[in-house]
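# Just need the structure, nothing else, for what follows:
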Amino acid sequence: MPSDTVLPIQHACEGAWQARELPPAFASEFGHHFLLALPEGYGADPQRAWPLVVFLHGRGEWGDDLARVRSQGVGALIDGGVKLPAIVVAPQTPENQMWHPDYVDAVMRCVQATCRVDATRVYLTGLSMGAMGSLAMAAAFPGRFAAIAPIAGGFPNDGMSRFYKLPLGALDAWQAALASLRGVPVWVAHGDADDIVPIEFGHRVESVMQAVGADVRCVWMPGVGHDSWTATYRDTPQFWSWLFAQQCTAVATTPPGEASAWAGRYVGGRGSGAELSAEGDRLRVRWQPSGVTDLLLPAQAGCFVGTMLVRLSRVRGKRRLELPGMGVLREAGA
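Model prediction:
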């Protein structure tokens with residue numbers, strides 16, 4: 001790779017947040033900039049690799065102003081002078097753009113290409129919408145993370161179901177998509193007075209984690225509203241002790257794509273539908289009637305994930321597209 005395609009992050013100063021842009025070699029259509037903090041002592045030993053903490057913000061911090069990312073959660077923690085013994089990266093998703101695994105992956109690849117990252121100690125955490133994004137990321141990139149910590153969140157499909165006032169979908173699709181989390185340490189935290197993302201969402205995450213055999217621990221906070229992240233990141237030192245004690249033993253694998261097998265048109269009631277086209281091992285989807293597009297990355301067999309989870313299957317030989325919590329589409333002409 002030509003040296004001018006990568007930002008010289010390894011020469012950046014240690015300490016508080018630094019604003020960074022994704023260079024062309026790591027471009028993503030779902031975001032472009034992020035914050036980076038290097039730990040104290042990073043420059044002292046040029047051979048030492050460091051843990052990496054990936055932090056995904058909530059809906060209130062999306063946009064083009066990185067100062068927003070510094071206002072909550074790990075963003076505020078670092079901005080307030082707390083020094084974690086790790087490289088910390090905090091991307092910002094554009095306004096009206098839910099977290100997409102392709103963007104988080106691009107930021108991670110950029111940092112790992114330019115910083116000394118211990119690949120066995122990569123940690124993923126997020127709050128609210130960022131917690132939802134962390135679960136989508138875990139489905140899209142199995143085996144990459146030593147631990148995952150979704151705080152005050154749930155599954156992204158559940159968030160959309162709540163927005164559209166629809167019943168929550170069954171959890172079997174998420175169990176299939178997250179099957180690779182067997183044995184992975186997961187910390188779930190949620191306030192029982194949360195009126196933004198109800199604690200039921202956290203219980204649903206717990207249920208799936210238990211079903212797939214993850215090493216899950218849940219912290220339910222009595223009387224705490226939506227901001228359960230301050231109590232977790234700032235006021236619970238054992239959270240960080242737990243996090244940094246984890247080490248990844250799994251090997252990151254690329255799940256079966258099967259994208260071309262699912263390309264085509266799917267239809268439902270009231271004019272709903274989807275056009276799917278294969279882009280390598282990924283699927284480009286255009287939802288109807290909105291015309292909104294998304295890029296779906298392969299998770300486990302038959303499951304693809306972008307901003308939400310999609311499960312594709314065959315029923316009596318006919319293709320079927322399920323958007324858990326949002327509805328079912330069937331192969332056109334079937």
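# Could you list the low-pLDDT ranges of the stretch 151-300 of the chain?
250-257 (pLDDT under 70).
# Around G143, count how many other residues there are.
Residue crowding around G143 was assessed by other CB atoms under 10 Å; the count is 16. Yep, even glycine has a C-beta here, placed from its N, CA and C like the rest.
# From what I see, it and L181 are in contact.
No. Assessed by CB atoms under 8 Å, G143 is found out of contact with L181, at 9.5 Å.
# quick one, strands of the stretch 101-250 of the chain?
Counting by DSSP state E, counting those that start in this stretch, residue ranges of the strands within the stretch 101-250 of the chain are 117-127, 147-151, 185-191, 215-221.
# now the first one and strand 147-151, what's the angle there?
Looking back up the chat, that one is strand 117-127. Counting by axes from the mean of the first three to the mean of the last three CA atoms, to 10 degrees, strand 117-127 lies at 20 degrees to strand 147-151.
# What average pLDDT does strand 117-127 get?
Mean pLDDT, computed over strand 117-127, is 97.
# mind listing what that strand pairs with, with the direction of each?
strand 50-56 (parallel), strand 147-151 (parallel) (DSSP bridges).
# Just the CA atoms of that strand, as PDB, please.
Taking Å, rounded to 0.1, in the frame of the first residue of the first chain, the C-alpha atoms of strand 117-127 are listed here in PDB:
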ATOM      1  CA  VAL A 117      -3.000  -2.900  18.000                       C
ATOM      2  CA  ASP A 118      -3.000  -6.200  19.900                       C
ATOM      3  CA  ALA A 119      -5.500  -8.100  17.700                       C
ATOM      4  CA  THR A 120      -6.300 -10.400  20.600                       C
ATOM      5  CA  ARG A 121      -7.600  -7.600  22.800                       C
ATOM      6  CA  VAL A 122     -10.000  -5.600  20.700                       C
ATOM      7  CA  TYR A 123     -13.200  -4.500  22.600                       C
ATOM      8  CA  LEU A 124     -16.500  -3.100  21.300                       C
ATOM      9  CA  THR A 125     -18.900  -1.000  23.300                       C
ATOM     10  CA  GLY A 126     -21.600   1.500  22.600                       C
ATOM     11  CA  LEU A 127     -24.500   3.300  24.200                       C
END
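# just how off-centre is it within its chain?
Mean-position distance between strand 117-127 and its chain equals 12 Å (CA atoms, centre = their mean, to the nearest Å).
# now it against strand 185-191, angle please.
Relative orientation of strand 117-127 versus strand 185-191 (the same axes, to 10 degrees): 20 degrees.
# buried sites along stretch 172-186?
Buried residues in stretch 172-186, counted by 16 or more other CB atoms under 10 Å: A173, W174, Q175, A176, A177, L178, A179, S180, L181, V184, P185, V186.
# where along the stretch 201-334 of the chain do the helices fall?
229, 237-245, 259-262 (DSSP state H, counting those that start in this stretch).
# middle-most residue in the protein, spatially?
Note on the chain: the residue nearest the mean C-alpha position is S134, at 2.6 Å, using CA atoms, centre = their mean.
# Give me the distance between the closest residue in space to it that isn't next to it in sequence and R48.
Excluding the flanking residues, the one nearest S134 by CB to CB, 6 or more residues apart in numbering is G126, at 4.2 Å. Here G126 is placed at a distance of 27 Å from R48 (CB to CB, to the nearest Å).
# Looking at the two, which one has more neighbours?
The residue with more neighbours, out of G126 and R48, is G126; 30 against 12, by other CB under 10 Å.
# can I get the strands paired with strand 117-127 in TSV with mean neighbour count and distance to P94?
Converted to TSV, the strands paired with strand 117-127 look like this (neighbours: other CB atoms under 10 Å; distance: least, CB to CB, whole Å):
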stretch	mean neighbour count	distance to P94
strand 50-56	25	14
strand 147-151	27	21
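# Now render these as JSON lines, adding distance to E200.
Below are the strands paired with strand 117-127 laid out as JSON lines (distance: least, CB to CB, whole Å):
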{"stretch": "strand 50-56", "distance to E200": "21"}
{"stretch": "strand 147-151", "distance to E200": "14"}
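# Out of those strands, which is closest to D195?
Among these, the nearest to D195 by CB to CB is strand 147-151 (16.2 Å).
# what's the angle from the closest one to helix 237-245?
Put simply, strand 147-151 runs at 150 degrees to helix 237-245, going by the same axes, to 10 degrees.
# My guess is the residue nearest to the centre of the chain contacts I148. True?
Yes. S134 sits in contact with I148 when judged by CB under 8 Å, with a separation of 5.9 Å.
# what's the overlap in contacts for these two?
Counting by CB atoms under 8 Å, 6 or more residues apart in numbering, the common neighbours of S134 and I148 are L124, T125.
# related to what we said a few turns ago, of the buried residues of stretch 172-186, which belong to helices?
A173, W174, Q175, A176, A177 (DSSP state H).
# so how many other residues sit close to G269?
Using other CB under 10 Å, G269 has 9 other residues around it.
# Tell me the spacing between it and R330.
Distance, G269 to R330, by CB to CB: 10 Å.
# Could you do Q72 as well?
Applying CB to CB, one obtains 42 Å for the distance of Q72 from R330.
# So for these two, which residue has more residues nearby?
Set side by side, Q72 and R330 show more neighbours around Q72, with 22 against 16, by other CB under 10 Å.
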